[in-house]
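Undergrad: Please work out how this folds:
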Amino acid sequence: MKIEDYAFLSDTQTGALVSRDGSVDWLCFPRFDSGACFAALLGDRKNGRWKFTPDGEIKATRRRYRGDTLILETEIETADGAVRLIDFMPPRGKNPDIVRIIEGLRGNVRMKMDLIIRFDYGHIIPWVRKEHGGLEAIAGPDALILRTPIETRGEDLTTVAEFTVAQGDRVPFVLTWFASHNEPPRAIHPDHALQQTEDYWTSWSKRCLDQGPWRDAVTRSLITLKGLTYAPTGGIVAAATTSLPEKIGGVRNWDYRYCWLRDATFTLYAFMNAGYLDEARAWREWLLRAIAGSAAQMQIMYGVHGERRLNEYEIGWLPGYENSGPVRVGNAASNQFQLDVYGEVMAVMYVAHRAGITTSEPDWRMQVGLMDFLESKWEEPDEGIWEVRGGPQQFTHSKIMAWLAFDRAVKLVEHCDCAAPEHVDRWRKIRDQIHRQVCDLGYNAKKKAFTQIYGSEQLDASLLMMPLAGFLPPSDERVISTVEAIQRELMQDGLIHRYRTEKENVDGLPGSEGVFLPCSFWLVDCLHLIGRTGEAREMFERLLDLRNDLGLLSEEYDPRAKRQLGNFPQAFSHVALVNTARRLSPNAGPPPIATTPLRARRSASGA
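TA: Model (predicted):
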């Protein structure tokens, strides 16, 4: 099953992937970063899945999301009739559910259910019993209960059932997680939960302010981003999965089920520009809690509750998606030093303030602490936006983002009543010093382009952020020549690589990767800004065509195999889509937040 053959479900606390043929192949309970109870995505059926199939030849399948929701409807036609499989996860409190309703459309269709529960990423076979009006599966701290009117039975460590669905029938199945030391929660009513879930997503989607020519694509991306939000804390995960490869058979497989400051800031631009200020406020509160303490201890990523220890390890019993090992849990990039996040945090604080989210005195003290730390660190090498594992370098993009931090700090002083002005002259001097250094050391006159590292000749698509962050105007010849050089040297089949992985081995990893979809959207932005709008719109339409039939994108794409790569669905790609659509919309007008949206994202290596 290709990555793009999956659909995404979410209750805004965790997520599931459902294949075209009706199998839930990935599901982590109770949080995004919990151990998976269905892990067939990274192995096979014995690692856990939940599948419904008709007992007979399938003539056709069609699927869609119901309106502007995350309710998946899959219609299956057979020689005997047709059924609709309705899958969703009700937004909830303590106990998560995944609900599957099979609705008879025509004729009489014989169905089979295959339920294989394997806790701890497909490793632990649970103890199964009939109790509390359902079928319970228990192992260690985790328990699931399946409630359905259909009779089930055990067969070879699998729960199976056979049943017939006639026209007009609605056959529900509800799988609920609970802590194994507690009794299961009360049963939910599947049809009531369906209506409540539809009302929730429809009401949320109607608040979108975007009315541009790509409104449907933008709305679907915003819904996906909302689905990647951890509602109890406001944290936003980068993706719902771990270890989906950046190249089939390669080792560039990372766990993205955590909250990157970088990714979250981009997401907030998308939310705020679309009118979703509640999400922006919740994320800012999450950020303040997560980075509370010494500025020197700020990390580039955290767990959904703000956890700092995201120790990385490999799972040996899972072979990986299409044998692309290793499968990793946790992320060692959480311990890296990355200068760019300071720019991104300060920029989003400024944007939030301009959008009407007031900067309080404690907020300002925290930001001053970050700037004090950055004053002493901005000249040091770092691992950069792509989280390289080949050692720290003097990355040009990192310095530009350090400039951005000081620039936005100055602007906050100029616009925020609580901001004390005693720092501003010093910050202006440092801002100007960084600007001169980048222009002197980051620009290669021979290549007529800014380069990835001071003094190198290698290009990096993160430098497309230069005009978007306001470091130099789009009309500057150095910006134009850099955009053209990136287009010339990093483009493959009309899409953009982050950088050439085979050159200088800067990321410390073997093998290659696909083209990077967010960078391709950034090129669209830059082409538009330098006056090549027709070319930009054409490239944007091509990027929209790379979405799957449900409007979902992963992180990367293989132009030769014509398939998506990397973790899925990827917040960074959907954020880039939303922000680029707004930039290209002819009647969008000025954004509700009066500043230039900003910046860049993560990993080559380990993020």
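Undergrad: can you give me the strands for the stretch 451-600 of the chain?
TA: 491-492, 495-496, 515-516, 556-558, 563-565 (DSSP state E, counting those that start in this stretch).
Undergrad: Of all the ones you listed, which one comes closest to N253?
TA: Of all the strands of the stretch 451-600 of the chain, strand 563-565 sits nearest to N253, with 10.4 Å by C-beta to C-beta. For the C-beta atoms, the positions are set from N, CA and C on the backbone; glycine is no exception.
Undergrad: Can you tell me which of the strands of the stretch 451-600 of the chain is packed in deepest?
TA: strand 515-516 (a mean of 26; mean count of other C-beta atoms under 10 Å).
Undergrad: gap between that strand and the chain center?
TA: Strand 515-516 has its C-alpha centroid displaced from the chain centroid by 15 Å (C-alpha atoms, centre = their mean, to the nearest Å).
Undergrad: ok, now stretch 246-266?
TA: Worked out by C-alpha atoms, centre = their mean, stretch 246-266 lies 8 Å from the chain centre.
Undergrad: list the buried ones in that stretch?
TA: 246-248, 250, 252-266 (16 or more other C-beta atoms under 10 Å).
Undergrad: now the end-to-end length of that stretch.
TA: The straight-line separation of the ends of stretch 246-266 (C-alpha to C-alpha, to the nearest Å) is 21 Å.
Undergrad: Quick one: mean pLDDT for it?
TA: Averaging pLDDT along stretch 246-266 gives 91.
Undergrad: for stretch 221-234, same thing?
TA: For stretch 221-234, the mean confidence score works out to 95.
Undergrad: excluding its backbone neighbours, what's nearest I71?
TA: Counting by C-beta to C-beta, 6 or more residues apart in numbering, the nearest residue to I71 once its immediate chain neighbours are dropped is F88, at 4.4 Å.
Undergrad: and the gap between the one you found and Q196?
TA: Here F88 is placed at a distance of 10 Å from Q196 (C-beta to C-beta, to the nearest Å).
Undergrad: Tell me, how many residues neighbour L17?
TA: 25 (other C-beta atoms under 10 Å).
Undergrad: To clarify, my last question referred to L105.
TA: Neighbours around L105, by other C-beta under 10 Å: 16.
Undergrad: same for the helix or strand hosting it, what does it pack against?
TA: Assigned by DSSP states H and E, L105 belongs to strand 97-116. Judged by 3 or more C-beta pairs under 8 Å, 6 or more residues apart in numbering; DSSP states H and E, strand 97-116 is in contact with strand 49-54, strand 72-78, strand 81-88, strand 159-166, strand 170-179, helix 190-206.
Undergrad: ok so, going back, so the residue nearest to I71 is in contact with V99, correct?
TA: Yes - with contact defined as C-beta atoms under 8 Å, F88 reaches V99; the gap is 5.6 Å.
Undergrad: More neighbours: which of these two?
TA: F88 (28 against 24).
Undergrad: so what's that one up against?
TA: L9, T69, L70, I71, L72, I98, V99, A193, L194, T197 (C-beta atoms under 8 Å, 6 or more residues apart in numbering).
Undergrad: closest to G275 among these?
TA: For the contacts of F88, the minimum distance to G275 (C-beta to C-beta) is 18.5 Å, reached by T69.
Undergrad: what is the mean pLDDT for the strand holding L105?
TA: 98.
Undergrad: And the helices in the protein, which stretches?
TA: Secondary structure of the chain (DSSP state H): helices at 119-122, 190-206, 215-227, 261-273, 277-290, 340-354, 361-377, 396-415, 424-437, 465-469, 477-489, 517-529, 533-545, 571-584.
Undergrad: where does the stretch 151-300 of the chain dip in pLDDT?
TA: Of all residues in the stretch 151-300 of the chain, none has pLDDT under 70.
Undergrad: shared neighbours, F88 and V99?
TA: A193, L194.
Undergrad: List the residues that contact T396.
TA: V438, L441, G442, F450, T451, Q452, I453, Y454, D460, L463.
Undergrad: Please look at L404 and M346 and confirm they touch.
TA: Yes - L404 lies in contact with M346 (C-beta under 8 Å); the separation is 7.0 Å.
Undergrad: Just the residues contacting stretch 176-186, thanks.
TA: So stretch 176-186 is contacted by 29-30, 37, 94-97, 132, 134, 136, 138-145, 147, 187-188 (C-beta under 8 Å, 6+ apart).
Undergrad: Can you check the distance spanned by that stretch, start to finish?
TA: Start-to-end, stretch 176-186 (C-alpha to C-alpha) is 10 Å.
Undergrad: how distant is that stretch from the center of its chain?
TA: Centre-to-centre, stretch 176-186 and its host chain are 29 Å apart (C-alpha atoms, centre = their mean).
Undergrad: For it, which residues meet the burial criterion?
TA: For stretch 176-186, by 16+ other C-beta under 10 Å, it's T176, W177, F178, S180, P184, P185.
Undergrad: Show me which of the residues you listed is closest to A274.
TA: W177 (31.6 Å).
Undergrad: Okay, and the beta partners of that closest one?
TA: Bridge pairing for W177 (DSSP bridges) gives the partners L144.
Undergrad: gap between it and L543?
TA: Using C-beta to C-beta, we find W177 at a distance of 36 Å from L543.
Undergrad: for Y121, same thing?
TA: 33 Å.
Undergrad: Ok, I315 next?
TA: For I315, the distance to L543 equals 33 Å [C-beta to C-beta].
Undergrad: Kindly report the same for Y256.
TA: Distance of Y256 to L543, given as C-beta to C-beta: 20 Å.
Undergrad: what do you get for R100?
TA: R100 is 33 Å from L543, by C-beta to C-beta.
Undergrad: And V171, by the same measure?
TA: From V171 over to L543 (counting by C-beta to C-beta), the distance is 40 Å.
Undergrad: cool, V341 as well?
TA: Separation of V341 from L543 (C-beta to C-beta): 26 Å.
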